[in-house]
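> everything below, folded, please.
(chains A, B, C and D)
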Number of protein chains: 2
Amino acid sequence: MNRTLRMTHQREIILAELQRSKTHPTADELYERIKKKLPRVSLATVYRNLEILSEAGLIKKLEISGRQKRFDWDPGEHDHVYCVRCQRVDNIETDAPAPSVASAQEQGYRITGCRIEFFGLCPKCLQQQKNKPSKGERAMACPSCTTPTLSETQRQVLEALANTSEACGSKELAAATGLESKQVSCQLTALKNKGLVDSPIRCKYAITEQGKSILS
Amino acid sequence: MNRTLRMTHQREIILAELQRSKTHPTADELYERIKKKLPRVSLATVYRNLEILSEAGLIKKLEISGRQKRFDWDPGEHDHVYCVRCQRVDNIETDAPAPSVASAQEQGYRITGCRIEFFGLCPKCLQQQKNKPSKGERAMACPSCTTPTLSETQRQVLEALANTSEACGSKELAAATGLESKQVSCQLTALKNKGLVDSPIRCKYAITEQGKSILS
DNA sequence: AAGTATATGAGAACTATTCGCATGTCAAGG
DNA sequence: CCTTGACATGCGAATAGTTCTCATATACTT
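From the prediction side, this is the model:
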């Protein structure tokens, strides 16, 4: 009835690869690395084994703050910091006493443990933020900095905007593109959120550098 | 450039509904409740507004341990307990000092906050666990106790098993069902994991009570 | 009242993860 | 050394939770 764990080749590699990593990788970061040594592994196997190994207590599963799970080769007690920007997770040392179970008023709960997470910006993201002060609040809105993809309509609007020398209103753009003005203003909002367009004067729009570069 | 928040009807209702809840609901628990007052709302609206409201600081988003996000009408500082079994989340009071930012050795991080979560079993789940001592370790393996669904092949195997008076081997079952023995043993494993079948003697299988009940 | 900025509804898309099944492999026993 | 059954794997499909897209509707500002 109680299963016996078998140490298969893939399991060994997965464990080894995790143990050599200084950070706390996600399942698919590991998968990418493992594929180099074991080109035929399946992502499911990686997930499965990480799960199994952590149930067996050989590693630890970190379920930090809503995002992907991460895995820790060190199953001992320790706390973590994570970067709210790039999601990186590191160990952290604290000299505060761990809040004991006794210290909490457990209204009827049977408490079995406690997790402490710090969060903030990692050194790298801190650096980046200093370099580009990120005009306005926009940077916050868009967590990932990947190149945005444009819908057909958005491209049309953006191109029209690229052809004007000065900021112009949505009506002119509607005329230039042949689209309805409702549509245009809606697309402009989307483009603005992506940082491809900005609005130097209320209700006037201009293409940004980023907007130009995406067209080429 | 800086957006203005509009207090729309749906936003009001969402906020009101969250504020009246004693627990910390997930987005779609809220959605279900809100639909009763506002039948045409869309789930996306609920998500969007919860996000916006929490950015605005009117409510708080709880990203606890890997599962769904939950929302808290109280944006003030406080800690939480959650049930590892049913995922319920409650507030918890602790008399331990909050680990200050200073107490952590932030290797290059700029730390902006800290989160403390306790976990364990909530009163309800504690009760349930006492009532059924859950034979063996099986309960651990299957976190959710929902009725499992059977594939066609599994049902065949299970039915064959129901027709035998004693435990039997996979070969006999293969003969009885007309399936290949490989398939049968594979399905047996699946069925065993679901608790519908057990193996009183090594390599002999029998249907469990639960298995019988699922066939009817 | 007009016009712009914002918000919404509906459903598609996306991401991270798990499942189902056929097939492969290991270890023990005849 | 060959079978057998337990345990593993690869693959693709399924799922859950959440976000995005776009047309349309609504709230503010002037």
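
> any idea what the residue nearest to A:Ile111 when sequence neighbours are not counted is bridged to?
Spatially, and ignoring its direct neighbours in sequence, A:Ile111 is nearest to B:Gly120 (3.9 Å; C-beta to C-beta, 6 or more residues apart in numbering or on different chains). C-betas here are computed from N, CA, C, even on glycine. Counting by DSSP bridges, B:Gly120 is bridged to A:Ile111, B:Cys83.

> I'd guessed B:Gly120 sits against A:Gly108; true?
No - between B:Gly120 and A:Gly108 there is no contact under C-beta atoms under 8 Å: 10.2 Å.

> okay, those two: which has more neighbours?
The neighbour comparison of B:Gly120 against A:Gly108 (other C-beta atoms under 10 Å in any protein chain shown) goes to B:Gly120, with 20 against 12.

> if I look at the more buried one, what pLDDT would I see?
We note a pLDDT of 87 for B:Gly120 in this prediction.

> what about A:Gly76, distance to chain B?
According to C-beta to the nearest C-beta, to the nearest Å, A:Gly76 and chain B sit 17 Å apart.

> so how many other residues sit close to that residue?
A:Gly76 has 6 neighbours, counted by other C-beta under 10 Å.

> helix/strand/coil for it?
In the three-state summary, A:Gly76 is assigned as coil, counting by DSSP: H, G, I helix; E, B strand; the rest coil.

> quick one: pLDDT of it?
Reported pLDDT for A:Gly76: 84.

> phi first, then psi, for it.
Phi and psi for A:Gly76, reported as degrees, to the nearest 10, are phi -70, psi 170.

> list the residues that contact it.
By C-beta atoms under 8 Å, 6 or more residues apart in numbering or on different chains, A:Gly76 lies in contact with nothing.

> what distance do you get for it to DNA strand C?
22 Å (C-beta to the nearest atom of the strand, to the nearest Å).

> so which helix or strand of chain A has the lowest pLDDT on average?
In chain A, no helix or strand scores lower on mean pLDDT, DSSP states H and E than helix A:138-141, which sits at a mean of 32.

> hang on, the earlier thing: show me what contacts the residue nearest to A:Ile111?
Residues in contact with B:Gly120 (C-beta under 8 Å, 6+ apart) are A:106, A:109-113, B:81, B:83-84.

> do that again at 10 Å, thanks
Neighbour list for B:Gly120: A:101, A:104, A:106, A:109-114, B:81-85, B:126 [criterion: C-beta atoms under 10 Å, 6 or more residues apart in numbering or on different chains].

> so which of those residues is the closest to DNA strand C?
Closest to DNA strand C out of these is B:Val84 (13.5 Å), distances taken as C-beta to the nearest atom of the strand.

> could you give the number of residues near the spatially closest residue to the closest one that is not a sequence neighbour?
Nearest non-adjacent residue to B:Val84, counting by C-beta to C-beta, 6+ apart: B:Phe119, 5.4 Å away. Burial of B:Phe119 is recorded as 19 neighbouring residues (other C-beta under 10 Å).

> I figured B:Phe119 hits B:Cys86, correct?
No - applying C-beta atoms under 10 Å as the test, B:Phe119 and B:Cys86 come out as separate, 11.8 Å apart.

> hang on, the earlier thing: top of the contacts of B:Gly120 by neighbour count?
The most crowded member of these is B:Val81, carrying 26 neighbours; neighbours defined as other C-beta under 10 Å.

> that one belongs to a strand?
Yes - counting by three-state DSSP, B:Val81 is part of a strand.

> domain assignment for chain A?
A:9-126, A:152-215 (automatic domain parsing).

> mean pLDDT lowest where, among these?
Taking the mean pLDDT of the domains of chain A, domain A:152-215 comes last: a mean of 63.

> returning to what we had before: which neighbours do B:Gly120 and A:Gly108 share?
The contact sets of B:Gly120 and A:Gly108 overlap at B:81, B:126 (C-beta under 10 Å, 6+ apart).

> just checking, A:Val81 touches B:Pro99?
No - in this structure A:Val81 lies outside contact range of B:Pro99 using C-beta under 10 Å: 11.6 Å.

> what do these two both touch?
By C-beta under 10 Å, 6+ apart, A:Val81 and B:Pro99 have these common neighbours: A:92, A:94, A:116, A:118, B:114.

> against chain A, how distant is the last one?
When distances are taken as C-beta to the nearest C-beta, B:Cys114 and chain A turn out to be 5 Å apart.

> so that residue, which of the three states?
Look at B:Cys114: counting by three-state DSSP, its state is strand.

> hang on, it packs against A:Asp79?
Yes - judged on C-beta under 10 Å, B:Cys114 makes contact with A:Asp79 at a distance of 9.1 Å.

> I'm done for today, thanks for sticking with me.
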